[in-house]
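> Below are the sequence and a predicted model; questions follow.
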Amino acid sequence: MALDTDASRLRLALRDLVALSSIPAVWVGKAPGTVGAEFVDMLVDSLHLDFAFVRLCSPNGGAAVEVRRGNAWHAFPQWLQQYLEVNGRLSQREIVRTIDDGMQGSCGIVIPIGIDAEGGLVAAASSRPDFPSEIDGLLLSVAANHAATAFRMARLVDGHRRAEAALRESEQELRKARDELETKVAERTAELQRSEAYLAEAQRLSHVGSFGWDVCSGKLFWSAETYRIFECDPADPLTVAVLFRKIHPQDRVRVQQTIDCAVQEKADLDFEYRLLMPGERLKSVHVVGHPVFDESGNLVEFAGTVMDVTERRRAEDERQALAHANRITTMGQLTASIAHEINQPIAAMVIDGDSGLRWLDKQPPDLEEIRAIFGRIVKVGTQAGDVIGRIRALIAKAPPRKDRLDINNTISDVISVTRTEMQRNGVSLQIKLAPDLPLVQGDRVQLQQVMLNLILNAIQAMGGVRDGTRELLICTGKAEPAGVIVAVQDTGPGLDPEALHRLFEAFYTTKPDGMGMGLAICRSIIEDHGGRVRASANRPRGAVFEFALPTDQGQTAVPELAGQMSAWATLLRVELP
């Protein structure tokens, strides 16, 4: 009978052992927490336990899983804590014979998983009289090891899944970042292409090309517009020698000297020269370059622009030619005045010569009187020469030059030439030239031409006035912070208010035989000197033409003079008699 009972128990134990051995296959792919819960449930059902506790630890230090079933051993956590405080570690199975938890006859067992319970532990309690038997211990140990293995596998699988999920998320983020980067690159590329297209179009419209010159290698880098200006094929090799073959032979030495000086002094480039194109065509180009340095301060390259100024130079030449023609025409109008200015000293010299001959015929000759006569002849001859010199300067076709000028002296020379014309037309002249005016930087002949045009226009305008006086007022004054103002004021018929904005336009004239270029040339000359010119009505009648020029030290002062011009001109009008 005992043998049958033992055999029955052995069969049950083998069955439970086989069942426990097949359980881990069921746990494959499950979460670590699920493995722990199912493991505890399996122990309670298989071994008919009243209490079961399992702690499964991760070998890589992850969070442990703890699961508890049953109420038979409430004090197990306290018992475990006291045991560890006394023994330091759980290195072997421990059987607890007496469990004072309200269940008499209960017995418990605690089995470590791994060395010193590094894989966790299993605790069980039951009121069965034979618990825990050796078979119970064996089954608990086998189940615990299987659970620990399944738990580690679950951890690995879970970690793998998390890694795969993180990898997929990273791939998605990378794919998204790549798509965003590709989009930004495409947008930036499109923007750069548009910018390059706009820049190329702007260079084409403005006839301004860009360039780079590597000082060490001599390589040149040109924009499309620079190739167009120099009429070179972008497909052909570009070298400094090719560039110099395009430069006009008369300018090559100067260009080379300018470049060598800029390289030696590491300074900016800013100069003009001519190109000799096929068919003996000439082009004028203006080059501006800026030196570029490396971190050590060594000159690396020049970067800059090339501007085709051929049309501007041609227009400037035509303007100078037109201004010259205007001066000659104006001087033609002064023929009578010029003849009078010259005839007066000639007549005085003839009279003095006759007087000198009579004094020579006296016996004895009066040498003191003759000496005085000869002195007057020399003085009058010098005056005649000065008149002729001023006339020649006004009609001479000379290149513009900028000198430091006394504006009052410049105006006085013009007044002396036009004084006879004023007398012939019955014009009363008043001159109010302010003393101690600062010097201006300008071309004497061009500024005299402006005054000549304004004075003759005023004389001609007053020529048609039948009632009232013909009065001409010429004034100069200071302008703050650094400038001078000149005004020519008449009492003629005045200006048409609706035509004021067109007075300085080319080819606009109110004279039947006028060319319409005099005032346009005046404005061009004044603006070339950095100044401003304007016209306004005089009170009670007539017109005022006034212009402002910067002084030698005040090249930026004129744009702020508009209000001063108006206030100053109003003051002048009040002072008219």
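Received the coordinates, thanks.
> May I have stretch 269-277 as CSV, with CA atoms only?
What follows is stretch 269-277, C-alpha atoms only, in CSV (Å, rounded to 0.1, in the frame of the first residue of the first chain):
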residue,chain,number,x,y,z
LEU,A,269,41.2,99.7,-56.7
ASP,A,270,39.2,102.5,-58.2
PHE,A,271,40.1,103.7,-61.7
GLU,A,272,39.0,103.9,-65.3
TYR,A,273,40.5,102.9,-68.6
ARG,A,274,39.6,102.2,-72.2
LEU,A,275,39.1,99.0,-74.1
LEU,A,276,40.0,98.7,-77.7
MET,A,277,37.4,96.5,-79.3
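> Tell me which residues of that stretch come out buried.
By neighbour count with 16 or more other Cβ atoms under 10 Å, stretch 269-277 contains the buried residues 269, 273-276. (Each C-beta comes from the backbone N, C-alpha and C, glycine too.)
> Dump the residues you listed to TSV, plus pLDDT.
Output for the buried residues of stretch 269-277, formatted as TSV (pLDDT from 0 to 100):
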residue	pLDDT
Leu269	87
Tyr273	89
Arg274	90
Leu275	88
Leu276	88
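> Spatially, which residue comes closest to Asn145, not counting chain neighbours?
Ile113 (6.9 Å; Cβ to Cβ, 6 or more residues apart in numbering).
> circling back: can you redo the buried residues of stretch 269-277 as CSV with secondary structure and distance to Arg532?
CSV is the format used below for these (DSSP: H, G, I helix; E, B strand; the rest coil; distance: Cβ to Cβ, whole Å):
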residue, secondary structure, distance to Arg532
Leu269, strand, 32
Tyr273, strand, 32
Arg274, strand, 33
Leu275, strand, 36
Leu276, strand, 39
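> If we only consider those, which is nearest to Arg162?
Distance to Arg162 across the buried residues of stretch 269-277 (Cβ to Cβ) is lowest for Leu269, with 65.4 Å.
> State the distance from the closest one to Ala241.
Plainly put, Leu269 is 19 Å away from Ala241 if you go by Cβ to Cβ, to the nearest Å.
> helices or strands next to the longest strand seen in the chain in the packing?
If you go by DSSP state E, the chain has its longest strand at strand 281-293. Other helices and strands packing on strand 281-293, by 3 or more Cβ pairs under 8 Å, 6 or more residues apart in numbering; DSSP states H and E, are strand 269-277, strand 299-308, helix 310-333.
> Would you single out the least confident of these?
With a mean of 68, helix 310-333 has the lowest mean pLDDT of the helices and strands packed on strand 281-293.
> Compute the distance between the residue nearest to Asp268 when sequence neighbours are not counted and Leu299, please.
Once flanking residues are discounted, Asp268 sits nearest to His290: 5.7 Å by Cβ to Cβ, 6+ apart. Going from His290 to Leu299 by Cβ to Cβ gives 11 Å.
> More neighbours: which of these two?
Leu299 (16 against 13; other Cβ atoms under 10 Å).
> In contact with the more buried one, which residues?
215, 263, 266, 291-293 (Cβ atoms under 8 Å, 6 or more residues apart in numbering).
> Just the buried residues out of these, in PyMOL syntax.
Of those, the buried ones can be selected in PyMOL as follows, counting by 16+ other Cβ under 10 Å:
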select buried, resi 215+291
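> quick revisit: do I have it right that the residue nearest to Asp268 meets Ala267?
No: His290 is beyond contact range of Ala267, at 9.6 Å (criterion: Cβ atoms under 8 Å).
> Also compute the angle for the lengthiest helix in the chain relative to strand 299-308, please.
Determined from DSSP state H, the single longest helix within the chain is helix 134-206. With axes from the mean of the first three to the mean of the last three Cα atoms, to 10 degrees as the basis, helix 134-206 and strand 299-308 are set at 50 degrees to each other.
> Can you name the element that comes right after helix 134-206?
The element immediately downstream of helix 134-206 (helix or strand, assigned by DSSP states H and E) is strand 208-214.
> list the buried ones in the helix or strand following that next one?
Downstream of strand 208-214, the first helix or strand assigned by DSSP H and E is strand 220-222. For strand 220-222, burial by neighbour count (16+ other Cβ under 10 Å) applies to 220, 222.
> Partner strands of strand 220-222, with direction?
Using DSSP bridges, the neighbouring strands of strand 220-222 in the sheet come out as strand 208-214 (antiparallel).
> Residues in contact with the partner strand: which ones?
202-203, 219-229, 289, 300-308.
> pLDDT wise, what is Pro438 at?
91.
> Which residue is the nearest non-sequential neighbour of it?
Take Pro438 and drop its neighbours on the chain: the residue closest to it by Cβ to Cβ, 6+ apart is Thr551, 4.1 Å away.
> Bridged to Val285, which residues?
Here Val285, judged by DSSP bridges, has bridge partners Tyr273, Asp308.
> Identify the residues contacting Val285.
Contacts for Val285 (Cβ under 8 Å, 6+ apart) come out as 229, 272-275, 306-310.
> just curious, which of those is nearest to Arg534?
Val309 (29.1 Å).
> I'd like to know how many residues surround that closest one.
That count, for Val309 with other Cβ under 10 Å as the rule, works out to 17.
> isn't it right up against Glu272?
Yes: between Val309 and Glu272 a contact is recorded at 6.9 Å, counting by Cβ under 8 Å.
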